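K.L.:
Structure here, sequence nowhere to be found:
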């Protein structure tokens, strides 16, 4: 095969971040021979998962649903497609050695950090929680480790004070498009760039679960603001307990002054804002939701509290 020609690509993806990467490959004329995604019942448990039927139909690409990309039937399917390259984007399962060995040119994936920093689960969430003002995205050749493969390309971007997990993932998706456009001509020509990671500089982050979202009101307003924006939509959310009910906080704003009475929720004197005390100042609660009810703005929710306020746990 002439290496300057489009390559046969199997695309594995689940969450919304992956959509723009697939569209870019199609726009560039690569021969995407299949889309592999999770069965709908399994995708329903993954934050940010999207439906792929319309994308597949619009691009005339066969769509296949799997339980796990490493299952024998999935491996046999992918092997039968004879891919030159596998792209794995927005996928929560590690690809095992047997699957990695199938494509002639290897398996390419992305990790939403500046590897080797923030290896592991939820790198965007952890970066925001830790108050990072800069992060990035890494395009890499997948191996059988966890985010340990050779780096093909990287992009840096700022994390602004009002960024959320959703807006940072928009930056991640945009950077993936940029890296695909930069590297695919080189890959076609047999000149894939790659460099090993500095494994000695690696940091590995633990998995996050929905129940990990509980608010600690003894933290500062800035720390709690970071906590909320790291866990907001499309993730399960930061939450607290108020009057015996679980209450999710979807948006907030740290203030420079306030009661510093941790967890004390009350309506501001102007009657238009809902405030919560933290270790050092107030947090203005802008979007809130009692579990099982409709999300609402903070002022409307504050009307339930009355004049005295309530202490969250």
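P.N.:
Thanks, I have the structure now. Note that the structure is predicted; figures quoted are calculated from it, not measured.

K.L.:
can we go C-alpha only for contacts and neighbour counts from here?
P.N.:
Fine.

K.L.:
If you average the pLDDT over the helix or strand encompassing residue 174, what comes out?
P.N.:
Counting by DSSP states H and E, the element that carries residue 174 is helix 165-188. For helix 165-188, mean pLDDT rounds to 96.

K.L.:
can you give me the helices in the protein?
P.N.:
For the chain, the helices defined by DSSP state H cover 17-27, 40-43, 53-59, 72-80, 97-100, 123-129, 165-188, 221-231, 298-302.

K.L.:
before we move on, back to that, in the helix holding residue 174, what's buried?
P.N.:
Taking 16 or more other CA atoms under 10 Å as the neighbour-count basis, helix 165-188 is seen to contain the buried residues 165-166, 168-169, 171-181, 183-185, 187-188.

K.L.:
how close does residue 7 get to residue 56?
P.N.:
18 Å (CA to CA, to the nearest Å).

K.L.:
One more: residue 225?
P.N.:
On the measure of CA to CA, residue 225 and residue 56 end up 39 Å apart.

K.L.:
Those two - which one has more neighbours?
P.N.:
residue 225 (25 against 16; other CA atoms under 10 Å).

K.L.:
Contact partners for the more buried one?
P.N.:
252-254, 283 (CA atoms under 8 Å, 6 or more residues apart in numbering).

K.L.:
Columns distance to residue 125 and neighbour count on top of the residues you listed, output as JSON lines?
P.N.:
Listed next are the contacts of residue 225 as JSON lines, based on distance: CA to CA, whole Å; neighbours: other CA atoms under 10 Å:
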{"residue": "252", "distance to residue 125": "16", "neighbour count": "25"}
{"residue": "253", "distance to residue 125": "18", "neighbour count": "20"}
{"residue": "254", "distance to residue 125": "19", "neighbour count": "21"}
{"residue": "283", "distance to residue 125": "20", "neighbour count": "27"}
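
K.L.:
what does the helix or strand of the chain with the lowest mean pLDDT rub up against?
P.N.:
The helix or strand of the chain with the poorest confidence is strand 310-311; it has a mean of 83 (mean pLDDT, DSSP states H and E). By CA under 8 Å, 6+ apart, the residues outside strand 310-311 that reach it are 242-243, 262-266.

K.L.:
Could you tell me which of those belong to strands?
P.N.:
242, 264-266 (DSSP state E).

K.L.:
from those residues, which is closest to residue 292?
P.N.:
Residue 292 has its nearest neighbour among the ones in strands among the contacts of strand 310-311 in residue 242, at 14.1 Å by CA to CA.

K.L.:
Please report how far the closest one lies from residue 249.
P.N.:
On the measure of CA to CA, residue 242 and residue 249 end up 12 Å apart.

K.L.:
can you check residue 117 too?
P.N.:
Counting by CA to CA, the gap from residue 117 to residue 249 is 29 Å.

K.L.:
Looking at those two, which is more packed in?
P.N.:
residue 249 (27 against 19).

K.L.:
Not counting residues beside it along the chain, what's closest to the more buried one?
P.N.:
residue 288 (4.6 Å; CA to CA, 6 or more residues apart in numbering).

K.L.:
just checking, residue 24 touches residue 178?
P.N.:
No: counting by CA atoms under 8 Å, residue 24 stays clear of residue 178, with 9.2 Å between them.

K.L.:
any low-confidence regions in the stretch 201-313 of the chain?
P.N.:
Within the stretch 201-313 of the chain, the segments meeting pLDDT under 70 span 306-308.
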